[in-house]
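Participant: Predicted model, plus sequence, below.
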Amino acid sequence: MNLQAIIFDLDGVLADSEPMWNEIDGALLKHYGVAYSGEFKHEVLGKSFPLALAFYREKFGLRTEIEEMAIRRRDIAQTFYAQHIPVFAATKGVLSNLQTRGLPIGLATSSISELVIPFLERHDIKQFFTQITTGEEVVNGKPAPDIYLRAAEKLGIAPENCLVVEDALAGIEAGKAANMKVAAIPDARFMDVSLFPDKADFILNELGELPDLVERILGAM
């Protein structure tokens, strides 16, 4: 692999946000009379707002339009991203390490910019990213490859020379469909880790292992 750029997913990779999405979606669905505590998290993990909300709408027989649900979900999530969601402990050190190698660093997240930018600024990590691509920039969300192809385009790097860092199967599928190599960091709290080895090119136990992987890839070039 001729590694020229690294593109990160946000939720579950840099942001330890996945536990709180159960609360966010629980508050959203409570408004529509549905009691929910994350039973279908595996169905929406890593997917775009429209795809996740379409699943909830069909699953619970809701008649509310997706657009209205998206506005309500955004408003609830904004408070969490602005005030509560932490980054993983290794995040800043890993981004700094990769930056010193001169590799462009991208972000490609299904979350929307109203959540992402304040979060990055609150944790003082926005400056590490050469480009940021958010969910509203593409028509087809993950697992479609669109968001990763858009991120590579903004970086000016051929997709086959990009390494994607993901935690969810939908994101891994998106990265592979974009003809990129994918390093997966599955979170055993929320997913069956045994499903990942056949999906991703590399499997990591935690984010802090990424610089060593990058070193090995660069050393093999």
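Facilitator: Ah, there it is. Residues are numbered from 1 along each chain as shown.
Participant: Could you chop this structure up by domain?
Facilitator: Segmentation of the chain into domains, based on automatic domain parsing, reads 5-16+87-219, 18-83.
Participant: could I get these as a markdown table with mean pLDDT?
Facilitator: Formatted as a markdown table, the domains of the chain follow (pLDDT from 0 to 100):
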| stretch | mean pLDDT |
| --- | --- |
| domain 5-16+87-219 | 93 |
| domain 18-83 | 90 |
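Participant: Can you tell me which of those domains is most buried?
Facilitator: Most buried of those, by mean neighbour count (mean count of other CB atoms under 10 Å): domain 5-16+87-219, with a mean of 19. In this view, the C-beta of every residue, glycine as well, is placed from N, C-alpha and C.
Participant: Next, the distance between the ends of that domain.
Facilitator: Using CA to CA, to the nearest Å, the end-to-end distance of domain 5-16+87-219 comes out at 15 Å.
Participant: Same question for stretch 87-105.
Facilitator: Start-to-end span of stretch 87-105 (CA to CA) is 17 Å.
Participant: Now do the contacts for His31.
Facilitator: Applying CB atoms under 8 Å, 6 or more residues apart in numbering to His31 gives the contacts Arg72.
Participant: Can you show me the helices along the protein?
Facilitator: 18-31, 41-44, 49-59, 66-83, 91-100, 113-122, 146-155, 169-177, 210-219 (DSSP state H).
Participant: Nearest to Asp9, out of these?
Facilitator: The closest of these to Asp9 is helix 169-177. By CB to CB, the value is 5.1 Å.
Participant: which strands and helices sit next to that closest one?
Facilitator: Applying 3 or more CB pairs under 8 Å, 6 or more residues apart in numbering; DSSP states H and E, we find helix 169-177 packed against helix 146-155, strand 162-166, strand 181-184.
Participant: Out of those, which gets nearest to Val94?
Facilitator: For Val94, the closest of those is strand 162-166, at 9.3 Å, according to CB to CB.
Participant: Pull the residues that contact the closest one.
Facilitator: Residues from elsewhere that reach strand 162-166 (CB under 8 Å, 6+ apart): 1, 3-9, 13, 46, 106, 108, 148, 151-152, 155, 171-172, 174-175, 178, 180-185, 200, 207, 210, 214, 217.
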